[in-house]
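1. need a 3D model of the following:
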Amino acid sequence: MEIKISKVLLAQIHKHGEKAYPDEGAGFLLGNYDQDRSVTAILPISNAREDGARRNRYLITPEDYLDAELEADRRGLCLIGVFHSHPDSPERPSVYDRDWAQPFFSYIITSVYAARALESRSWRLRDDRSQFVEEDIETGERHG
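-> Numbers count the residues shown, from 1 in each chain. I've put the predicted structure just below:
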């Protein structure tokens, strides 16, 4: 499994996480999917969680979802996932993330330490909701 995203869009996700720090930042991944998923746009949103909980939780409202679906339709794209940041924490999903995740979506999580985005990883929840499985992030940049 892999998700394709440009270095430019990944940098925008990082910038959103840095701007939201020390709170979690979040948004939607728009694009297309066949065998692989391709992110062609992101929609950053405001964290709707109450003030005291934004440091380690994000909330996407039903209105946020509706707006994202409508924007994806307007652009001829699909809503394929969510991105969010983990302030001063690793880019791995928490139990809370698993409890609220949807099996179809990709979840790009970015670790942000001292207001600086360090690394992103992508995850997809198994259909039985038992655990996340990591997806490779393909930026078009070759390693090695």
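2. who does the one residue sitting closest to the centre of the chain bridge with?
-> Against the mean C-alpha coordinate of the chain, by C-alpha atoms, centre = their mean, the closest residue is Phe83 at 1.2 Å. Per DSSP bridges, the residues bridged to Phe83 are Gly27, Ile108.
3. contact partners for it?
-> Ile13, His16, Ala26, Gly27, Phe28, Leu29, Ile42, Tyr107, Ile108, Ile109, Thr110, Ser120 (C-beta atoms under 8 Å, 6 or more residues apart in numbering). C-betas here are computed from N, CA, C, even on glycine.
4. for the lowest-mean-pLDDT helix or strand in the chain, could you pull out the residues that count as buried?
-> Lowest by mean pLDDT, DSSP states H and E among the helices and strands of the chain is helix 95-100, with a mean of 90. Buried positions in helix 95-100, judged by neighbour count with 16 or more other C-beta atoms under 10 Å: Asp97, Arg98.
5. send me that helix as CSV with only the CA atoms.
-> Taking Å, rounded to 0.1, in the frame of the first residue of the first chain, the C-alpha atoms of helix 95-100 are listed here in CSV:
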residue,chain,number,x,y,z
VAL,A,95,-5.5,4.5,20.5
TYR,A,96,-7.7,7.5,20.3
ASP,A,97,-6.8,7.9,16.6
ARG,A,98,-7.8,4.3,16.0
ASP,A,99,-11.1,4.6,17.9
TRP,A,100,-12.2,7.5,15.6
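6. rebuild the contacts of Phe83 as a markdown table, extending it with distance to Leu70.
-> As requested, the contacts of Phe83 are exported to a markdown table (distance: C-beta to C-beta, whole Å):
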| residue | distance to Leu70 |
| --- | --- |
| Ile13 | 21 |
| His16 | 21 |
| Ala26 | 18 |
| Gly27 | 15 |
| Phe28 | 11 |
| Leu29 | 16 |
| Ile42 | 16 |
| Tyr107 | 21 |
| Ile108 | 22 |
| Ile109 | 25 |
| Thr110 | 26 |
| Ser120 | 26 |
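7. among those, which one has the most neighbours?
-> Leu29 (29 neighbours; other C-beta atoms under 10 Å).
8. that's all I had, so thanks and see you.
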